[in-house]
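Undergrad: have a look; sequence and predicted model below, questions after that.
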Amino acid sequence: MLIEPCPCGSGVGYADCCYPVISGSEKARTAEQLMRSRYSAYVKHDVDYLVSTTHPDSRSPELAASIAAWMNEVQWLRLHVLQADRDRVEFIAEYAAHGKTARHHECSRFKKYKGEWYYLGEE
């Protein structure tokens, strides 16, 4: 049986890493775990998960359409977590778009809301 590696680069199989968080059978325990699951959701084209894990204060009416458009333009290649604190994660995500490779460098902020972690936005 072939074990699908998790897109987040943890070295663990997807079924034991990000899938339980994305499927809702487990909650993210840390900001980093939520960020990794969100990266995997981008790879897997799970717009609903990305919208639902965005903090309510950061959700715009066009959020789902914006995420879907971004997903359709890029192919995610690799995630590098540079630093993770309690409510902040700095990372680089490598991707390919329009025949070229590029890197997205972000310092993401996260916040607990009703006992669960949510993506708040970039610093």
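TA: Cool, the structure landed.

Undergrad: pLDDT below threshold where in this structure?
TA: Along the chain, the parts satisfying pLDDT under 70 run over 1-2.

Undergrad: longest helix of it, counting residues only.
TA: Longest helix in the chain by number of residues (criterion: DSSP state H): helix 31-44.

Undergrad: for that one, packing partners?
TA: Contacts defined by 3 or more Cβ pairs under 8 Å, 6 or more residues apart in numbering; DSSP states H and E place helix 31-44 against helix 19-23, helix 47-52, helix 63-73, strand 75-84, strand 88-97, strand 100-113, strand 116-122. C-beta here means a position set from N, CA and C on the backbone, and glycine is covered the same way.

Undergrad: the fifth one pairs with which strands?
TA: If I follow you right, that is strand 88-97. strand 75-84 (antiparallel), strand 100-113 (antiparallel) (DSSP bridges).

Undergrad: and it, what's buried?
TA: By neighbour count, with 16 or more other Cβ atoms under 10 Å as the criterion, the buried positions of strand 88-97 are 88-91, 93, 95.

Undergrad: same check on the fourth one?
TA: Of the residues in strand 75-84, those buried by neighbour count under the rule 16+ other Cβ under 10 Å are 76, 79, 81, 84.

Undergrad: out of those residues, which comes closest to residue 33?
TA: Lowest distance from residue 33 to those (Cβ to Cβ) belongs to residue 84, with 9.3 Å.

Undergrad: quick check: closest non-adjacent residue to the closest one.
TA: Distances taken as Cβ to Cβ, 6 or more residues apart in numbering put residue 32 closest to residue 84, at 4.0 Å, once the chain neighbours are dropped.

Undergrad: any idea how far the one you found is from residue 65?
TA: Using Cβ to Cβ, to the nearest Å, residue 32 is found at 28 Å from residue 65.

Undergrad: more neighbours: those two, which one.
TA: Just comparing residue 32 and residue 65: by other Cβ atoms under 10 Å the higher neighbour count belongs to residue 32, 21 against 11.

Undergrad: out of the helices and strands packed on helix 31-44, the one nearest residue 40 is which?
TA: helix 19-23 (6.5 Å).
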